[in-house]
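> I'll drop the sequence and a predicted model, then ask my questions.
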Amino acid sequence: NAGVTQTPKFQVLKTGQSMTLQCAQDMNHNSMYWYRQDPGMGLRLIYYSASEGTTDKGEVPNGYNVSRLNKREFSLRLESAAPSQTSVYFCATWGGRAYNEQFFGPGTRLTVL
Amino acid sequence: AQSVSQHNHHVILSEAASLELGCNYSYGGTVNLFWYVQYPGQHLQLLLKYFSGDPLVKGIKGFEAEFIKSKFSFNLRKPSVQWSDTAEYFCAVTLYGSGNTGKLIFGQGTTLQVKP
């Protein structure tokens, strides 16, 4: 089992360009999350999806959109990238209270010039 | 708003020294508590977690944490650190109330540097 996978691992964009970060899981978990990690700020929730077909805003949703394509996949889109979106992005899944821990992907390091 | 605070942002220790990293949260309801570790260039891994029961929780690699409800704290400890413990450590909380969906609230992180 691959767990949680993310593509790409690295990306450099110019201001104004768009891109989609992909996340896929084979853990059969209902809930999926997108976080960004910035120095001195820990991880902050961008968007989450409690189940297939639903998405909700987290703490820092501005400038992002998400799609829960199916139970396995949850993508994060930057429509017009800005330097403030330079960060490391992590996808995570949660299997519910029976498991009570989130499982993280390897991350995508994004630089916006 | 609920928050998690980690008191130490950057800790430098020599090998064999004892470690204690502070974590406090602000929420009066039921919580689950976690410590995650991120080794250089890697993704987050769970060190340990607390749901209920014995407030002293043991995790992987010799780490433990104590939940003190009256102090809203969940401090991480290790009696003797190794160079391989060099990493960033994150305390996190999930809140239980109506509509809970497992969202984690993270502290700012503590960078631990262990000198050989």
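Received, thanks.
> measure A:Glu73 to chain B for me?
According to C-beta to the nearest C-beta, to the nearest Å, A:Glu73 and chain B sit 18 Å apart. C-beta here means a position set from N, CA and C on the backbone, and glycine is covered the same way.
> That residue bridge partners, please.
For A:Glu73, the beta-bridge partners under DSSP bridges are A:Ala24.
> who's in contact with it?
Counting by C-beta atoms under 8 Å, 6 or more residues apart in numbering or on different chains, A:Glu73 makes contact with A:22-24.
> Likewise for B:Thr94?
B:Thr94 touches A:100, B:31-32, B:34, B:100, B:102-105, counting by C-beta under 8 Å, 6+ apart.
> Can you report how many residues lie near the residue nearest to it when sequence neighbours are not counted?
Distance criterion C-beta to C-beta, 6 or more residues apart in numbering or on different chains; nearest residue to B:Thr94, sequence neighbours excluded, is B:Asn32 at 4.7 Å. B:Asn32 has 19 neighbouring residues, counting by other C-beta atoms under 10 Å in any protein chain shown.
> now A:Asp26: how far from chain B?
16 Å.
> Dump the contacts of A:Glu73 into a markdown table; add neighbour count and pLDDT as well.
As requested, the contacts of A:Glu73 are arranged in a markdown table below (neighbours: other C-beta atoms under 10 Å in any protein chain shown; pLDDT from 0 to 100):
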| residue | neighbour count | pLDDT |
| --- | --- | --- |
| A:Gln22 | 16 | 97 |
| A:Cys23 | 25 | 97 |
| A:Ala24 | 20 | 97 |
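> returning to that earlier point: now for the residue nearest to B:Thr94: which residues touch it?
B:Asn32 neighbours (C-beta under 8 Å, 6+ apart): A:100, B:49-51, B:93-94, B:96.
> hang on, the earlier thing: tell me which of the contacts of A:Glu73 is nearest to chain B?
Using C-beta to the nearest C-beta, A:Cys23 is the member of these that lies nearest chain B, at 12.1 Å.
> Check the burial of B:Gly22 by counting its neighbours.
Neighbour number of B:Gly22 under other C-beta under 10 Å is 15.
> Repeat that for B:Lys49.
19.
> And the closest residue to it other than its chain neighbours, what's its pLDDT?
Setting aside the residues directly before and after it, B:Lys49 is nearest to B:Phe34 in space (C-beta to C-beta, 6+ apart), at 4.8 Å. pLDDT, B:Phe34: 94.
> And the contacts of B:Thr94, which is the shakiest by pLDDT?
Ranked by pLDDT, those bottom out at B:Asn100 (61).
> How much space separates the residue nearest to B:Lys49 from B:Gly59?
10 Å (C-beta to C-beta, to the nearest Å).
> any residues in contact with both of the two?
B:46-49.
> now those: which count as buried?
B:46-49 (16 or more other C-beta atoms under 10 Å in any protein chain shown).
> which one of the contacts of B:Thr94 has the most neighbours?
B:Phe34 (28 neighbours).
> In contact with it, which residues?
With contact taken as C-beta under 8 Å, 6+ apart, B:Phe34 is in contact with A:101, B:46-50, B:91-94, B:104.
> hang on, the earlier thing: follow the chain on from the helix or strand that contains the residue nearest to B:Thr94 and name the next helix or strand.
Here B:Asn32 sits within strand B:31-38, counting by DSSP states H and E. The helix or strand immediately downstream of strand B:31-38 is strand B:45-50, counting by DSSP H and E.
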